[in-house]
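Asker: I would like the atomic coordinates for the input below:
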Amino acid sequence: MISQIYHGFHFLSRANYKKSIETSKNMTKLRFQDFNTFDLMKKLLLNVFLALALLSACRKDGVKMQKLDLQSHGLPVTIMAPDSAIIQEKDYNFMRDITVKKGNQFFIQIFEFAAPKQDAAGEKLRQLTAVQEDSFFREVIKEEDQGFIFSKMADSTTLDYDFRYVRIIGDKELIFQTGLVGSFSLEDVKLMYNAVK
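Answerer: Presented below is the predicted three-dimensional model:
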């Protein structure tokens, strides 16, 4: 009889042991299913990329561009500029200096000369040569028939961007570039460059 009780108890203990092992395995599975690090990382990375894309879109959408006719300032040309851009002009007899500015990221300087000596492509090459001879010049980022975008060192550690775009209208030669004061990112310069084309 004792032998039967022992075998019965041993059988129950063994069955309970197996059952507790199975329960433990199932709970471990559930815990790891709840905390799947790979899925968690995927979700985290997706959220980070979405946030960066949203910030980038906000920056681009933040600059609302509209047509700006400069005829009232003596220039028979229309460019794109942010709403409420401030226009200033100075006349130096041999040239005029017109600026179109909005905030710190949009600042176009237009130099107007009379009686151009060459066509727009020729003047662009002259401008490019002058820029490349400057000790602060680094590289040409984009070059087209009438203009180019380039990088330069603003100081010993800061890379800055600028552009030149040439238009000849009648007897007037217009040279567009970034404002003489300020530091501009490549994104800022691309926006201004495309605004004057």
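
Asker: quick one: the helices in the protein?
Answerer: 2-34, 37-62, 120-133, 186-196 (DSSP state H).

Asker: so for the longest one, what's the average pLDDT?
Answerer: What helix 2-34 shows for mean pLDDT is 53.

Asker: swap in the second one?
Answerer: Over the span of helix 37-62, the pLDDT mean works out to 51.

Asker: just stretch 104-113 next, same as before
Answerer: On average, stretch 104-113 scores 96.

Asker: outside of that stretch, which residues touch it?
Answerer: 63, 70, 74-75, 79, 81-82, 85, 94-101, 172-182, 184-185, 188, 191-192, 195-196 (Cβ atoms under 8 Å, 6 or more residues apart in numbering). (Each C-beta comes from the backbone N, C-alpha and C, glycine too.)

Asker: Repeat the analysis, applying 6 Å as the threshold.
Answerer: Contacting residues not belonging to stretch 104-113 are listed as 82, 95-101, 172-177, 179, 182, 188, 192 [Cβ atoms under 6 Å, 6 or more residues apart in numbering].

Asker: list the buried ones in that stretch?
Answerer: 105-110, 112-113 (16 or more other Cβ atoms under 10 Å).

Asker: So which of these sit within strands?
Answerer: 106-110, 112-113 (DSSP state E).

Asker: Make a markdown table out of the residues you listed and add distance to Glu133.
Answerer: Shown next, in a markdown table, are these (distance: Cβ to Cβ, whole Å):
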| residue | distance to Glu133 |
| --- | --- |
| Phe106 | 28 |
| Phe107 | 24 |
| Ile108 | 23 |
| Gln109 | 20 |
| Ile110 | 23 |
| Glu112 | 24 |
| Phe113 | 20 |
